[in-house]
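# take a look and give me a structure for this.
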Amino acid sequence: MKKFETILPDILAYFNQSRIKADGARKRFIFIGGTVLLTYSSDILEHSLFKAFEHLEIVGTDADAVFTIFVCDSDILNYDLPGYNWLNEISENKEEIVTYNSGDIHALYNPKSGIFSMFDNGRNRGFYYLPKAGDIPFYEKAAPMRMLLHWWCEKSGLVLVHAAAIGGETSAVLLAGRGGTGKSTTAMLAARHGFKFLGDDYVILENNSGPVVHSAYNSVKFRWEMLERVPAAGEFSLNNHNDEKGYYFLRDHQPDSLVTSLPLKAVLLPVIAGNQKTSFDRLSQSRGLMGLSASSIFQMPGSGRQTLKTLAGILKDTPVYQMSLGKENAEIMNALKRFMAAG
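Below you'll find the predicted structure:
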């Protein structure tokens with residue numbers, strides 16, 4: 001996009017001026033592939049977009065950050081990001097995501113959320129902008145800055161995937177596949193039945209010396225109809241039925257269930273089978289790759305080639321199973337405990 005290249009200097013100048021005016025007063029450090037510095041231009045942005053990362057926070061660090069993210073809205077300079085109206089116009093009725101990838105710069109405008117994300121690969125810095133802090137949709141509060149984390153993970157040899165992850169004391173399983181198959185419900189139930197929790201919707205995978213799952217967010221998102229199986233989620237929810245899904249932060253209710261990393265034992269592809277008993281059937285690695293990569297690539301536009309390569313390496317020696325879910329919560333959890341205890 002030639003026009004984007006034309007306004008890119010103005011966009012960078014806008015973020016630089018905003019950082020100077022914000023004066024770095026709202027700084028938080030987390031660990032994702034190294035020390036990451038998050039700087040927010042206002043209290044409301046910090047409050048809305050840090051809760052999901054609280055379990056990863058590094059307190060009292062003076063370490064140099066390997067990656068920095070600056071978050072702001074139009075209030076910081078009292079005018080919109082240069083080119084923002086143009087991005088909104090070319091997104092065609094708020095349905096088409098706009099992307100730019102050239103050299104060290106990766107950018108994405110999501111018309112649904114109104115959020116503009118940009119990653120400077122050469123300087124290890126990211127920028128996150130929306131017009132008004134009060135207009136942040138619930139799914140961004142639950143899993144903020146996904147594209148920035150995706151680009152950073154890709155550079156760091158990690159991969160951000162669309163999957164849930166739960167575990168025992170020594171290993172974890174991924175719950176992967178398309179939406180509506182029971183991933184989030186199983187993860188919520190597991191957290192309430194003594195399992196460790198690494199993520200409900202997005203987690204990070206590493207394969208340096210064997211597959212490892214890293215937590216990205218401590219949030220839980222759920223479909224409202226799932227309240228029949230997990231009624232407590234309705235009590236915890238931070239939003240209401242006006243939104244597509246409910247969400248809450250596990251750190252506020254079950255902090256002891258949270259862990260940040262565990263070795264990966266297996267990939268499970270849940271299906272709602274309606275059987276009396278939960279069963280596990282071995283599948284091919286290719287089925288696992290398809291189930292894990294399809295939704296991840298859809299969720300992170302432009303990630304196809306590198307994501308597939310990284311996931312193929314991880315799944316090379318990782319067993320994959322279809323997990324046919326039974327009807328009763330207690331039975332599902334007991335079956336999962338037996339599976340985790342098996343060799």
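
# okay, the spatially closest residue to Ile7 that is not a sequence neighbour: pLDDT?
Nearest non-adjacent residue to Ile7, counting by C-beta to C-beta, 6 or more residues apart in numbering: Gly83, 4.2 Å away. Any C-beta I mention is one placed from the backbone N, CA and C, and that applies to glycine too. What the model reports as pLDDT for Gly83 is 94.

# which ones are touching Gly83?
3-4, 7, 10-11 (C-beta atoms under 8 Å, 6 or more residues apart in numbering).

# now, which of these lie within helices?
3-4, 7, 10-11 (DSSP state H).

# can you list the weak-confidence ranges in the stretch 101-250 of the chain?
180 (pLDDT under 70).

# just the pLDDT for the residue of the chain positioned farthest from its centre.
Most distant residue from the mean C-alpha position of the chain: Gln276, 32.8 Å away (C-alpha atoms, centre = their mean). On the pLDDT scale, Gln276 is placed at 82.

# hmm, back to that, turn the contacts of Gly83 into a markdown table, columns for pLDDT.
Shown next, in a markdown table, are the contacts of Gly83 (pLDDT from 0 to 100):
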| residue | pLDDT |
| --- | --- |
| Lys3 | 87 |
| Phe4 | 89 |
| Ile7 | 94 |
| Asp10 | 96 |
| Ile11 | 97 |
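
# kindly write the ChimeraX command that selects the buried subset of those.
Buried residues among those (16 or more other C-beta atoms under 10 Å), as a ChimeraX selection:
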select :4,7,11
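
# am I right that Ser102 is in contact with Glu5?
Yes. Counting by C-beta atoms under 8 Å, Ser102 sits close enough to Glu5 to count as a contact (7.2 Å).

# identify the contacts common to these two.
Residues touching both Ser102 and Glu5 (C-beta under 8 Å, 6+ apart): none.

# where along the chain do the helices fall?
Under DSSP H, the chain gives helices at 2-22, 43-50, 84-90, 138-142, 146-155, 183-192, 232-236, 285-299, 304-315, 329-341.

# only the buried residues of the last one, if you could.
With burial defined by 16+ other C-beta under 10 Å, the residues of helix 329-341 counted as buried are 329, 332-333, 335-336, 339-340.
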